[in-house]
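Enquirer: the sequence isn't on hand, but the structure is:
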């Protein structure tokens, strides 16, 4: 799961960097002589843009297909506790749970160490669990 998080973070940093670059260019085009207040609003806008991109990325991908790009690489899918697809609402809750985990400086990830289902705070909040795809998700097992 750590490798999936690193892959997702890499995708996020690239997307955030490109979007921040275009936002900065747009601000500089409209304000030829930016003052301190413009700079503060630009930094705040870039920060909020990063949060919005993160929430959209995780909510749309986990809600739509149960996997982010990093999870696709590792063959992990996020499902509800009963094995059904997570859906957009639970994906959004899972993302909010990830934010809570961030606020606790990672302490919310500790249940992963002793939980049989490998569920952290985000999964506990959303009622989801990560499983290997497709064998644990209820589908046919791979024959690789």
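Expert: Sure, I can see it. In this text the structure is predicted, and so the values were computed from the model without any measurement.

Enquirer: how about the helices in the chain?
Expert: Secondary structure of the chain (DSSP state H): helices at 2-30, 36-65, 69-74, 87-103, 111-114, 121-126.

Enquirer: so which of the ones you listed comes closest to residue 80?
Expert: Residue 80 lies closest to helix 87-103 among these, at 6.5 Å (Cβ to Cβ). The way it works is simple: take the backbone N, C-alpha and C, and place the C-beta from them, glycine included.

Enquirer: and that closest one, how far from the chain's centre?
Expert: Relative to its chain's centre, helix 87-103 lies at 8 Å (Cα atoms, centre = their mean, to the nearest Å).

Enquirer: quick one: contacts of stretch 120-128?
Expert: For stretch 120-128, contacts defined as Cβ atoms under 8 Å, 6 or more residues apart in numbering pick out 78-81, 86, 90-91, 93-98, 100-101, 104, 108-112, 117, 119, 129-130.

Enquirer: now do the buried residues in it.
Expert: Residues of stretch 120-128 classed as buried by neighbour count (16 or more other Cβ atoms under 10 Å): 120, 121, 122, 123, 124, 125, 126, 128.

Enquirer: which of the contacts of stretch 120-128 are buried?
Expert: Using 16+ other Cβ under 10 Å, the buried members of the contacts of stretch 120-128 are 78-79, 86, 90-91, 93-95, 97-98, 101, 108-109, 112, 119, 129-130.
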